[in-house]
Structures are given as C-alpha cells and as structure tokens.
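# Please work out how this folds:
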Amino acid sequence: MGYKNGAKCIVLRNNKILMIKQKRDGIVYNNIPGGGIEAGETPEQAAVRELFEECNVKGKIVRKLCEYSFPLDNSVIIHVFHMDIDNQNPTLGSNLIEEERDILLEVKWMSLDEISERDRAFLWAEGLMSLPQFFDEVKSWNDDISYPLKRKG
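Here you go, the predicted structure:
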C-alpha cells in the first residue's frame, strides 16, 4: 500500500509484552503489533487500528514512547506507543498485508527472557527502556557480555 511512516504498540500485562510471531521472506521472528500509517491517519489512529487488526483488541494510548528512523530508509519514521487493553484477551487478527511474503502466525504474551536477543534488540530501540519495570530490570543486570558468538562459516 505504499505507506510512508509506521506506528507500533507496546502492550504490557504482568511484566510480559504482547508480541506477534510473524514470518517474512522465510524468516520467523517476534515483533510488537504495528504497521503503516494510512493516508489521512495520525500515528495514534494507526497504532490503535493496527492493534485491533492484528490482535482483535481495542487499545487506549497511555503515552508515546519514541519515534525513530526506519533503519532501511531514514525518511520513514516509526512512532511507538505504550497502549492499554484492560483485561481484553488478544487473539490473532487477520493478515491485512497485501504482500504474501509477510504472514502473521501467532499472538502471545512474552517475558524478556523468552524473546531472542535479535528480537529484543528491536524492543529496546522501540522504547522499552522508557517503561519503569524494564528500566529497573536493566539496572539490575551485571557487567557480563552476552553478545551472541559469531557463527563459523
């Protein structure tokens, strides 16, 4: 659909993050709900719509966490919001993406230790550190280096 910018949501419950398991170009990964901002939409409206489309829940924006330039195209801005869904039960929504190469597989609540280092790195960039419980968790970490080892060729 040729979106210019995007909007994403971080939804929390019991120190777990609402994640979408998806497959794109053969790669399976976990991501927070979100997608492109449609013509005439504000980033806030897009975030609420995307959460409903992907997770079948109606969210309320708590606050904006951050905005950043999309790494593959610095002219694209991604807006990230902390959202509240009260006690609604998320379920997998419809895959409204026109491209067959991007498929939604599952909606699930995940704690940080259940998320791969790769997928967790994106969460930090998307403002997870702005939320007190995750800031406190990072403060509790020690000085160990846990960077993944390089794979042998």
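# Kindly provide the distance from N14 to E117.
Computed as C-beta to C-beta, to the nearest Å, the N14 to E117 distance reads 22 Å. In this view, the C-beta of every residue, glycine as well, is placed from N, C-alpha and C.
# between the two, which one's more packed in?
Neighbour count, other C-beta atoms under 10 Å: between N14 and E117, E117 has more, with 9 against 6.
# Touching, the more buried one and W124? I think so.
No - using C-beta atoms under 8 Å as the test, E117 is too far from W124 to be in contact (10.6 Å).
# I37 - nearest residue in space that isn't next to it in sequence?
Residue nearest to I37 in three dimensions, not counting chain neighbours: A46, with 4.1 Å by C-beta to C-beta, 6 or more residues apart in numbering.
# hang on, that neighbour is in a strand, isn't it?
No - counting by DSSP: H, G, I helix; E, B strand; the rest coil, A46 is not part of a strand but helix.
# Return the set of residues that bridge with F70.
Beta-bridge partners recorded for F70 (DSSP bridges): D73.
# Could you give the number of residues near it?
F70: 12 neighbours (other C-beta under 10 Å).
# which residues does it contact?
F70 makes contact with 6, 76-78, according to C-beta atoms under 8 Å, 6 or more residues apart in numbering.
# Return the members of the residues you listed classed as buried.
Neighbour-count burial (16 or more other C-beta atoms under 10 Å) applied to the contacts of F70 gives 6, 76-78.
# Ramachandran coordinates for D84?
phi -120, psi 140 (degrees, to the nearest 10).
# Run a quick check on L105 versus R24, I expect a contact.
No - using C-beta under 8 Å as the test, L105 is too far from R24 to be in contact (10.5 Å).
# pLDDT score for the residue nearest the centre of the chain?
Nearest to the geometric centre of the chain sits I32, at 2.0 Å (C-alpha atoms, centre = their mean). Turning to I32, the model gives it a pLDDT of 97.
# who are the neighbours in contact with it?
Contacts of I32 (C-beta under 8 Å, 6+ apart): 8-11, 17-20, 80, 123, 126.
# Next up, phi/psi of it, please.
phi -80, psi 160.
# Relative to G93, how far out is it?
Separation of I32 from G93 (C-beta to C-beta) stands at 14 Å.
# How much space separates D143 from I61?
For D143, the distance to I61 - C-beta to C-beta - is 36 Å.
# Many thanks, I have nothing further to ask.
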